[in-house]
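In: Quick one, what's the 3D model for this:
(chains A and B)
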Amino acid sequence: MSREGAFRLASTALRTNGGTEVILRLPGMAASGTDAEQLGLGTPQFQDVPIGPAVWHKAGTSPVLLLASTPIAALVASEAYASAESLFEEAVGVVVDDVVYGILRSEALETAGVPCAYRLTMQRPARG
Amino acid sequence: MQNAKDSFYEALRVRLAALNPERTIIVRGITRPGIAVDENEIASVADTPDCFHLNWTGMKVCASGALPLVTLECELRYATEGSSTSGGMDRGRALAAMDGELCAALLRSPRNAAKYDYSGLANGGEIQVMSTRVWWSSVVPGPLESKADRVGRMAKVQVMSYQEAGEL
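Out: So this is what the prediction gives:
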């Protein structure tokens, strides 16, 4: 199977299994010319990036989100992250229905050594 | 107490930047001196090598004097992988350089600095100078910590200040 074929297959599989769009929340650029953020005083800015298709998957006690790899690869390239893993490590979380889920860990699901999708183990938000 | 923390960080950052202006980090697109207070940054910053990571780990208050004397325990973690051009084989010397910079910054006279209230920066306001100063103990470097391709160390220093009337 070609690389493009694997990407399309994964994306199609996620869409047909109820795939939807979620928001990946990334930290925004730091403010320059002030020390406020370094002292914890700044109001952090975020960048909300819609990505999909994404499917929730129940596995164990933590919710798991499956994401197609194509939009992640595009985001890694456009935002100059070293890798998808770096992207997920720096992300604040995933926003679904106005609820922010933290990302505990990420795993690439590969075909012939190429990531076709990502499995994100999410952290349920604390009940307020 | 927050003013003492902020003032110590600012003073140390200025001293370290003067000793080695080339020690910088890039945090969310901005280049700045290679020191960060981990509790004020996103979690991924804590693993940045070639950077001094400041953490406040303890506190004691002595209320027997005219003003409460606050002693803050500060840990400074730092590690390096050496340079990519040397294949990391200079990481020992790179760590020694960081040891030297930290000791020079903390042991240089005077071992005190003005205390400021930085809270105004949250609203675009001004920094307010306070009546007392912050001062610190000698730095106590810990043992070498070696992990795979990275070597590092944790140093400890105590930061003292008087809690002024109305100060939180």
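In: quick one: contacts for the closest residue in space to residue B:135 that isn't next to it in sequence?
Out: Spatial nearest neighbour of residue B:135, excluding adjacent residues (CB to CB, 6 or more residues apart in numbering or on different chains): residue B:112 at 3.7 Å. No exception for glycine: its C-beta is placed from N, CA and C like everyone else's. Residues in contact with residue B:112 (CB atoms under 8 Å, 6 or more residues apart in numbering or on different chains) are B:133, B:134, B:135, B:136.
In: Roughly how far does the residue nearest to the spatial centre of chain A sit from residue A:65?
Out: Taking CA atoms, centre = their mean, the centroid of chain A lies closest to residue A:24, which sits 5.1 Å from it. Distance from residue A:24 to residue A:65, counting by CB to CB, to the nearest Å: 10 Å.
In: Over to residue B:54?
Out: 34 Å.
In: more crowded one of these two?
Out: Legend: neighbour count by other CB atoms under 10 Å in any protein chain shown for residue B:54 and residue A:65, higher for residue B:54 (22 against 19).
In: got any ranges where chain A has weak pLDDT?
Out: A:1-3, A:58-60, A:127-128 (pLDDT under 70).
In: Tell me the residues of it that contact chain B?
Out: A:27-32, A:34-43, A:86, A:89-90, A:92 (CB under 8 Å from any CB of the partner chain).
In: phi, psi of residue 8?
Out: I went with chain A, as the question did not name one. phi -70, psi -40 (degrees, to the nearest 10).
In: The chain in question should be chain B.
Out: phi -60, psi -40.
In: Just the pLDDT at it, thanks.
Out: The model reports residue B:8 with a pLDDT of 98.
In: and the gap between residue B:140 and chain A?
Out: Per CB to the nearest CB, to the nearest Å, residue B:140 is found 25 Å from chain A.
In: follow-up on the earlier one: tell me which two of the contacts of residue B:112 sit farthest apart.
Out: Using CB to CB, the pair of the contacts of residue B:112 lying farthest apart is B:133 and B:136, separated by 10.5 Å.
In: Specify which residue of these two has the higher count of neighbours.
Out: Shown here are residue B:133 and residue B:136; by other CB under 10 Å, residue B:136 has more neighbours (22 against 16).
In: what sits against the more buried one?
Out: B:8, B:74, B:106, B:111, B:112, B:157, B:158, B:159, B:160.
In: Just these: which are in helices?
Out: Per DSSP state H, helices hold the following members of the contacts of residue B:136: B:8, B:106.
In: Out of the contacts of residue B:136, which is nearest to residue A:109?
Out: residue B:74 (43.3 Å).
In: Verify the stated contact: that closest one with residue B:59.
Out: No - the pair residue B:74 and residue B:59 does not pass the contact test of CB atoms under 8 Å, sitting 10.3 Å apart.
In: Compare neighbour counts for those two and give me the winner.
Out: Neighbour comparison, residue B:74 and residue B:59: the larger count goes to residue B:74, with 23 against 12 (by other CB under 10 Å).
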